[in-house]
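In: Let's see this in three dimensions:
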Amino acid sequence: MGLFPVAFVDDLRTRADIVQVIQEHVSLKKAGNSYKGLCPFHGEKTPSFHVNREKGFFHCFGCGVGGDVIKFVEMQEKVGFTDAVRLLARKFGLTVPETGPDGNELDARERETLLKIHEVSAAYFRAQLDTPAGARARQQLRDRSVNEETINTLGLGYAPASRDALNAYLLGQGFTPPLLLRSGLVLERDNGQVVDRFRNRLIVPIARDAGSIVAFGGRSMDPDQVPKYLNSPETPIYSKSRTLYGLNHTKPFLRKAGFVVLVEGYFDFAQVLQECRLPVVATCGTALTPQQAQLLRRFVSKVVLSFDPDAAGQSAAARSCDLLVAEGFQVNVAVLPGGDDPDTFIRNRSGRQYAAQLQQSTPYLDYLLDRTAARHDLRRDDSRRAFLQEMLAVAARVPDAAGRDQFADRIAHRARITESVVRDEIRKAAVERRTEVGAREMPSLGQLKPAERGVIWALMNQPDEAADALVELDQHDLDGLAGGPIIEQALRLRESGAAGSPAAFLARLSQEEAALVTGIASAPAPPAPPHECALALKRLRFEREGAAVQQEIDRLQQAGCGAEIDRLWQQKHELLQRIATLGSSGT
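Out: This is a model prediction of the structure:
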């Protein structure tokens, strides 16, 4: 998937009138320096949705969402960042330059040509399926109970055994050899010969959620043909970690159902779609990636995993579940009887029975609890301790404290350990995990100190003054602050030379962080000038450090360590002098 030059995205944000864009979906009325209307993202009768044309952001005081013009298009159209940029560029007449994964610039014409190559190739493969050479592939599909409607819906095809049939065909269609190589559909051998990547394989087109074909998967036709599944490589238009197979077909089902069935393979997907008409997507044999989870988050908050029962499938399921739980999804696991995967289960039984298995799916944490307990003899103390250690790592990834406590009670019951002990251990593990990997819960507006809100307000409303104020701060000044990670992004912008751009600042934030920032920015005035707020944050740091030094002094006094105490008193005196130098800025 192509990436865009930063300068182009900044220019797009400047030229895309946020009021004009939002007014196509929301009736806005002028209200002072901003515009106001009914929020399109939640039902309301009194307008709480505000748009600031000058600063280029929107914020809803009802549901808390907020962001820039690109974020609005993402949320309104249910598309990713890349598609939102394209939609806006088309609307405002901008040509889209891009950079591929190698960092080289990829212009819009080249990208469109690569997409056209895949479109033409898909039609070629589909036509080959209906030729005499495709008879074995058609029989394979019949053996898998894939009907004609599903073949046409998914665009299934056949790559002939010829060494360079596709290459010759595409050259005949006017495509150039360098672009064919860049598409990944052909490859050049060491001797300079160019051959087709897919030969004698059943072909499955892979599309982005918007519908454009960007890659192919090929299944072997012969038992000794390796690998069994061959996929397109990463290309300027295809990133495996950012693509979910079948989402382009099932997006409407996801939105309506509110959940998704996550399977592994192409034919698992085909059978679930054909026989059950369920909201389903496939990871194509790999564990879910963070980018794929974010893609799903646009549509659903609940996932039912239905992976293969073999060790590899269950391992992928466990990794996917861990990621989804940490991302805040509600996750269930469907374990099919008889060692079947979804494809074989549906063919051997029925789609109705498969749907019934999904309805009986187990919440992931319960599934993992049962699976882990089965490996331990919980009648023995050492086994109970080992069981508890495994479960602590899982429980620490549960994002909310209430959910962790509920899981702790289930662990305690299974291991016959006091609930309070397990809860305390899980809380410690959760704290250690936040320290190790930087996981954190989003702060609320009330958790931010006035000085933090003042700096954030200025970053959006007085960017020049805020940039000057940031000179006073370093990353240590932000340690322990609820809004520290947000302000840290502004510090990084300053280091990169891009300070002073509210749009660039918002672009670096998550959706939740952007909503918090736009809420603060919508206030009519800051708590104090940005320079005073920055000094207040530095003063708070010295006070925190002083309190930590005093705590160590108290500990050493009890232990009778006099020499070390003298050094700490000197350190505390220096901190008090720094605080006095800063003055008494309010916090």
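In: List the contacts of the closest residue to Phe299 other than its chain neighbours.
Out: Of all residues not flanking Phe299 in the chain, Leu254 sits nearest, at 4.2 Å (Cβ to Cβ, 6 or more residues apart in numbering). C-beta coordinates here come from the backbone N, C-alpha and C atoms, glycine included. Applying Cβ atoms under 8 Å, 6 or more residues apart in numbering, we find Leu254 in contact with Leu247, Val260, Pro279, Val281, Phe299, Val300.
In: ditto for Thr150
Out: Leu156, Ala270, Leu273, Gln274.
In: Tell me the buried residues in the helix or strand harbouring it?
Out: Using DSSP states H and E, Thr150 falls within helix 148-154. Of all the residues in helix 148-154, those buried under the rule 16 or more other Cβ atoms under 10 Å are Thr150, Ile151, Leu154.
In: Please pull up the helix or strand immediately following that helix.
Out: Next in sequence after helix 148-154, counting helices and strands by DSSP H and E, comes strand 157-159.
In: Counting by contacts, list what whichever helix or strand comes after that following strand packs against.
Out: Following strand 157-159 in sequence order, the next helix or strand is helix 165-172 (DSSP H and E). Under the contact definition 3 or more Cβ pairs under 8 Å, 6 or more residues apart in numbering; DSSP states H and E, helix 165-172 sits against helix 108-129, helix 177-183, strand 186-188, strand 194-196.
In: so what does the last one touch, helix or strand wise?
Out: Strand 194-196 makes packing contacts with helix 165-172, helix 177-183, strand 186-188 when contacts are defined by 3+ Cβ pairs under 8 Å, 6+ apart.
In: Could you check that strand and say which residues are buried?
Out: Of the residues in strand 194-196, those buried (16+ other Cβ under 10 Å) are Val194, Asp196.
In: can you check the longest one too?
Out: Taking 16+ other Cβ under 10 Å as the basis for neighbour counts, the residues of helix 108-129 that come out buried are 108, 110-111, 113-118, 120-122, 124-126, 128-129.
In: Which neighbouring elements make contact with that helix?
Out: Helix 108-129 packs on strand 97-99, strand 157-159, helix 165-172, helix 177-183, strand 201-207, strand 213-220, going by 3+ Cβ pairs under 8 Å, 6+ apart.
In: if you set the cut-off to 6 Å instead, what comes out?
Out: Applying 3 or more Cβ pairs under 6 Å, 6 or more residues apart in numbering; DSSP states H and E, we find helix 108-129 packed against strand 157-159, helix 177-183, strand 213-220.
In: now the helices for the stretch 351-500 of the chain?
Out: 351-359, 364-373, 381-395, 401-415, 419-437, 450-461, 463-470, 484-495 (DSSP state H, counting those that start in this stretch).
In: For the first one, list the C-alpha coordinates in CSV.
Out: Coordinates of the C-alpha atoms in helix 351-359 are reproduced here as CSV (Å, rounded to 0.1, in the frame of the first residue of the first chain):
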residue,chain,number,x,y,z
GLY,A,351,-23.6,-24.2,7.2
ARG,A,352,-26.4,-24.3,9.7
GLN,A,353,-24.4,-26.5,12.0
TYR,A,354,-21.4,-24.2,11.6
ALA,A,355,-23.5,-21.2,12.6
ALA,A,356,-24.7,-23.1,15.7
GLN,A,357,-21.0,-23.7,16.6
LEU,A,358,-20.3,-20.0,16.4
GLN,A,359,-23.3,-19.3,18.7
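In: And that helix, how far out from the chain middle?
Out: With Cα atoms, centre = their mean, to the nearest Å as the basis, helix 351-359 stands 29 Å off its chain's centre.
In: what's that helix in contact with?
Out: Under the criterion Cβ atoms under 6 Å, 6 or more residues apart in numbering, residues Glu275, Cys276, Val304, Ala334, Leu336, Phe345, Ile346 lie in contact with helix 351-359.
In: Mind checking the pLDDT average for it?
Out: For helix 351-359, the mean per-residue pLDDT is 95.
In: again with stretch 492-504
Out: 67.
In: CSV for the buried residues of helix 148-154, including pLDDT and distance to Leu378?
Out: As requested, the buried residues of helix 148-154 are exported to CSV (pLDDT from 0 to 100; distance: Cβ to Cβ, whole Å):
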residue, pLDDT, distance to Leu378
Thr150, 97, 47
Ile151, 98, 51
Leu154, 97, 47
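In: Leu94: which of those residues is nearest?
Out: Leu154 (34.3 Å; Cβ to Cβ).
In: Compute the distance between the closest one and Ala482, please.
Out: 48 Å (Cβ to Cβ, to the nearest Å).
In: Now Val280: phi and psi?
Out: Main-chain torsions, Val280, degrees, to the nearest 10: phi -130, psi 150.
In: okay, it: pLDDT?
Out: 97.
In: cool, and Val21?
Out: pLDDT, Val21: 92.
In: Find the nearest non-adjacent residue to it, please.
Out: Val69 (5.5 Å).
In: The one you found touches Thr14, doesn't it?
Out: No: the criterion here is Cβ atoms under 6 Å, and Val69 misses it with Thr14 at 9.8 Å.
In: Can you give me the domain boundaries for this structure?
Out: 6-99, 108-238, 247-361, 375-437, 446-587 (automatic domain parsing).
In: Highest mean neighbour count out of those domains?
Out: Mean neighbour counts were taken over these using mean count of other Cβ atoms under 10 Å, and the top value, a mean of 19, falls to domain 247-361.
In: distance between the ends of that one?
Out: Length of domain 247-361, first residue to last, Cα to Cα, to the nearest Å: 22 Å.
In: Also stretch 513-527?
Out: End-to-end for stretch 513-527, by Cα to Cα: 20 Å.
In: mind saving the C-alpha coords of stretch 51-64 as PDB?
Out: Output in PDB follows, covering the C-alpha atoms of stretch 51-64 (Å, rounded to 0.1, in the frame of the first residue of the first chain):
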ATOM      1  CA  VAL A  51     -16.100  22.600  13.300                       C
ATOM      2  CA  ASN A  52     -13.200  25.100  13.400                       C
ATOM      3  CA  ARG A  53     -12.400  26.200   9.900                       C
ATOM      4  CA  GLU A  54      -9.400  28.300  10.800                       C
ATOM      5  CA  LYS A  55      -7.600  25.500  12.800                       C
ATOM      6  CA  GLY A  56      -8.900  22.700  10.600                       C
ATOM      7  CA  PHE A  57     -10.400  20.400  13.100                       C
ATOM      8  CA  PHE A  58     -13.800  19.100  14.400                       C
ATOM      9  CA  HIS A  59     -14.900  18.000  17.800                       C
ATOM     10  CA  CYS A  60     -18.100  16.600  19.300                       C
ATOM     11  CA  PHE A  61     -18.800  17.500  22.900                       C
ATOM     12  CA  GLY A  62     -21.400  14.800  23.000                       C
ATOM     13  CA  CYS A  63     -19.500  11.600  22.100                       C
ATOM     14  CA  GLY A  64     -16.000  13.000  22.200                       C
END
